[in-house]
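J.: Sharing a model prediction with you, sequence too.
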Amino acid sequence: MSSALITDLLDVLDKLSGGAHAGFRPAHAKGFLYSGMFAPAPEAAKLTRAPHATRPSTPVTVRFSLSGGIPTLADNDPKGSSPQGFAVRFNLGDHVHTDIIAHSHNGFPARTGEEFLEFLRAVAASGPDAPTPPPVAQFLATHPVTRQFVEAPKPIPSSFARQAFFAVTAFKFTNAEGASRFGRFRLVPDAGTEFLSPEQAATKTADFLVAELSERLSKGAVTFRVVVQLAQDRDDVTNATAVWPESRELVPFGTLTITERVDELNPEMRKIIFDPIPRVDGIDSADDPLTDVRSDIYLLSGRRRRAAAAK
Ligand code: HEM
């Protein structure tokens, strides 16, 4: 991976957030950590020999977040809140883990890191002093898939527990017999989905999503079904902008049960860096170019965050 691409992406993300916010993520900066358990569905072990698919239960740490890079963003901010993020760490042993990193929109605006950089630079160059038409309008005119992503409705949910999340990049799942299938993780809320109209969202407080989740957890656990959308032969498994038809089979993978909030400012917890590469036997990258770029940039960004927190 070109390190220039990674640092250029980090720079433009910082720029879009009005400069770097020391100790915070340059994307999905405002987020909240919780702990819980994962229990696999019987079908999971038929798909993959990964340990969390066969063990009766695996402890998890999860983080819900808003998409923007500003740590003080309001949960009902019409521009920076959606898509919300949901990252799940399966704690398999000492320093052994595998993650699912998902957001609340099925798709992504760019196929490669280079294309994403070009898009973000066009957005950054389209401020109030921009020429007409602004660079972002020119970019969108020649990138219909990005335009589709930008224009798709991304309503604010009534709760982090009431929307579905999509891992977008595909993985290759291999079972104990050595049989492989490609698929994409999805997290589906047992409480069902519910979204706010812009008018309803405007009446909410800046921290309503975390407050709502605390209130909900005081009454009982929050559960999500983890499923894998299986690719069929013609589906492109290397392109996160290509949404597969909804008719594709959804294989049950298990249930996530979220029980309590974890202090995200706790030094140990501040260290957590979710990893887009699964790094566990039985689940591999499907060679989507975004996977490696993301892994490199999350690591660089996470190290920068850790260094700032240590000061
Ligand atoms: C080239 C493409 C991408 C770039 C450059 C990028 C960049 C970043 C960066 C820099 C972070 C902060 C990492 C950290 O400090 O720990 C981040 C976090 C995140 N990104 Fe991406 N991202 C990309 C693609 C995606 C995609 C496809 C998704 C959709 C699933 C996504 C969802 C998330 C989520 C949910 C987080 C928060 C993870 C956490 O809670 O720690 N990103 N991204």
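T.: That came through fine.

J.: T132: neighbouring residues, count only.
T.: As a burial measure, T132 scores 5 neighbours (other Cβ atoms under 10 Å). Bear in mind the C-beta positions are built from the backbone N, C-alpha and C, glycine included.

J.: just checking, it is part of a strand?
T.: No - counting by DSSP: H, G, I helix; E, B strand; the rest coil, T132 is not found in a strand; it is coil.

J.: Correct me if wrong: A27 contacts I70.
T.: No - with contact defined as Cβ atoms under 8 Å, A27 does not reach I70; the gap is 10.2 Å.

J.: more crowded one of these two?
T.: A27 (21 against 17).

J.: For the more buried one, grab phi and psi.
T.: For A27, the backbone dihedrals (degrees, to the nearest 10) come out as phi -140, psi 150.

J.: ok, and the closest non-adjacent residue to it?
T.: G69 (5.1 Å; Cβ to Cβ, 6 or more residues apart in numbering).

J.: can you pull the contacts of the residue in the stretch 51-200 of the chain positioned nearest to the ligand?
T.: When scored by Cβ to the nearest ligand atom, the stretch 51-200 of the chain has G85 as its residue closest to the ligand, at 2.6 Å. G85 makes contact with H28, G31, R63, F64, S65, L66, S67, I101, A102, H103, S104, F165, according to Cβ atoms under 8 Å, 6 or more residues apart in numbering.

J.: mind listing what the second one touches?
T.: Put plainly, it is G31. R25, R63, F64, S65, L66, G85, E264.

J.: By neighbours, which of the residues you listed wins?
T.: Result: L66 is most packed of those (other Cβ under 10 Å), 27 neighbours.

J.: Model confidence score at that one, please.
T.: At L66, the pLDDT value in this model is 98.

J.: Which parts of the stretch 101-250 of the chain are helices?
T.: Here the stretch 101-250 of the chain has its helices, by DSSP state H, counting those that start in this stretch, at 113-124, 135-142, 144-151, 198-202, 208-219.

J.: Out of the ones you listed, indicate the one that is most buried.
T.: Comparing those by mean neighbour count (mean count of other Cβ atoms under 10 Å), helix 113-124 ranks first with a mean of 19.

J.: Contacts for that one next, please.
T.: 5-6, 8-9, 12-13, 15-16, 109-110, 134-136, 138-139, 143, 146, 289-290, 293-294, 297.

J.: switch to 6 Å and redo it
T.: Contacts to helix 113-124, defined as Cβ atoms under 6 Å, 6 or more residues apart in numbering, come from residues 5, 8-9, 12, 15-16, 109-110, 135-136, 139, 146, 293.

J.: tell me which of those residues is nearest to F173?
T.: V293 (21.9 Å; Cβ to Cβ).

J.: Perfect, I'm done here.
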